[in-house]
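> With the sequence up front, the predicted model follows.
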Amino acid sequence: MHIAVAGNIGSGKTTMTRLLSKHFGWESHFEDVDTNPYLNSFYEDMQRWSFNLQIYFLNSRFRQIVEIRKSEKTVIQDRTIYEDAYIFASNLHSMNLMTKRDFDNYISLFELMSSFIQPPDLLIYLRAAVPTLVNQIQKRGRKYEEAIRLDYLKKLNERYESWIEKYKLGKLLIFSVDDINIEENPEDLAMIIEKVNAELHGLF
């Protein structure tokens, strides 16, 4: 089985993936941020590096999905291939940070790749307001994220909401994370676990 966690930068995807993986005994696949050779350059000059970064993520995510579907295990994945295309690349294009030529090339490649893959059995979407995202981003203190602009986060949030509204590829759970803290409050985590269990296995 393939479970995926979606959400904006700073919404808590990695924490959610780690805690659900630990509770259910699932294998976890995290986003490749530490070894990504383009992230620093991208935040310094988005226009120059947007296409390179998005192609890197697309390739990385496609490889992950191929491995997940080959595996006999239940896997939980931090971020989906759909977010790369429908949220991040589309947003960069609309902000004139990726040329139409690059964007068309990217989308053509994404459409080809997505025709070879199955969507997740369950998608967990973490909804967060911009102040929550900013707070989380500051708390984890990644150097390259210091340059992220508020308007960039806001536009990403709008695209996430638009995508989730139309999402019909499989089961979907939405959690608003502004008022919960799954790392420090066991009751919040228990509520999430209960809803995930019910969605995957039904209520007994």
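Good, I have the coordinates. Numbers count the residues shown, from 1 in each chain.
> the strands in this structure, which residues?
Counting by DSSP state E, one finds strands in the chain at the ranges 2-7, 27-29, 75-78, 122-127, 171-176.
> got the contact list for the spatially most central residue of the chain?
With distances taken as Cα atoms, centre = their mean, Arg79 lies nearest the centre of the chain, 2.7 Å away. Counting by Cβ atoms under 8 Å, 6 or more residues apart in numbering, Arg79 makes contact with Ala4, Val5, Ala6, Gly7, Lys13, Glu31, Arg61. Just so you know, the C-beta spots here come from the backbone N, C-alpha and C atoms, and that holds for glycine as well.
> re earlier: and the strands of the chain, which is most packed in?
Mean neighbour count (mean count of other Cβ atoms under 10 Å) peaks for strand 2-7 among the strands of the chain, with a mean of 26.
> which other helices and strands contact that strand?
Where contact means 3 or more Cβ pairs under 8 Å, 6 or more residues apart in numbering; DSSP states H and E, strand 2-7 is packed against helix 13-24, helix 46-70, strand 75-78, strand 122-127, helix 150-166.
> Please identify the most buried of those.
Counting by mean count of other Cβ under 10 Å, strand 75-78 has the highest mean neighbour count of those, with a mean of 23.
> What strands flank it, and is each parallel or antiparallel?
Using DSSP bridges, strand 75-78 pairs in its sheet with strand 2-7 (parallel), strand 27-29 (parallel).
> Indicate which one of those strands is closest to Ser94.
Judged by Cβ to Cβ, the one of the strands paired with strand 75-78 that comes nearest to Ser94 is strand 2-7, at 19.5 Å.
> and the closest one, how far from the chain's centre?
Remark: strand 2-7 is offset 7 Å from the chain centroid, using Cα atoms, centre = their mean, to the nearest Å.
> Show the average pLDDT along it.
Here strand 2-7 scores 96 as its mean pLDDT.
> quick one, it and helix 150-166 angle?
Strand 2-7 and helix 150-166 are oriented at 140 degrees to each other (axes from the mean of the first three to the mean of the last three Cα atoms, to 10 degrees).
> which residues touch strand 2-7?
13, 16-17, 20, 26, 65, 68-69, 74-80, 82-83, 118, 120-128, 160, 164, 177, 196, 200.
> redo that, cut-off 7 Å
13, 16-17, 26, 68, 75-80, 83, 120-126, 128 (Cβ atoms under 7 Å, 6 or more residues apart in numbering).
> picking up where we left off before, got a markdown table for the strands of the chain, with distance to Lys154 too?
Shown next, in a markdown table, are the strands of the chain (distance: least, Cβ to Cβ, whole Å):
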| stretch | distance to Lys154 |
| --- | --- |
| strand 2-7 | 15 |
| strand 27-29 | 28 |
| strand 75-78 | 22 |
| strand 122-127 | 14 |
| strand 171-176 | 17 |
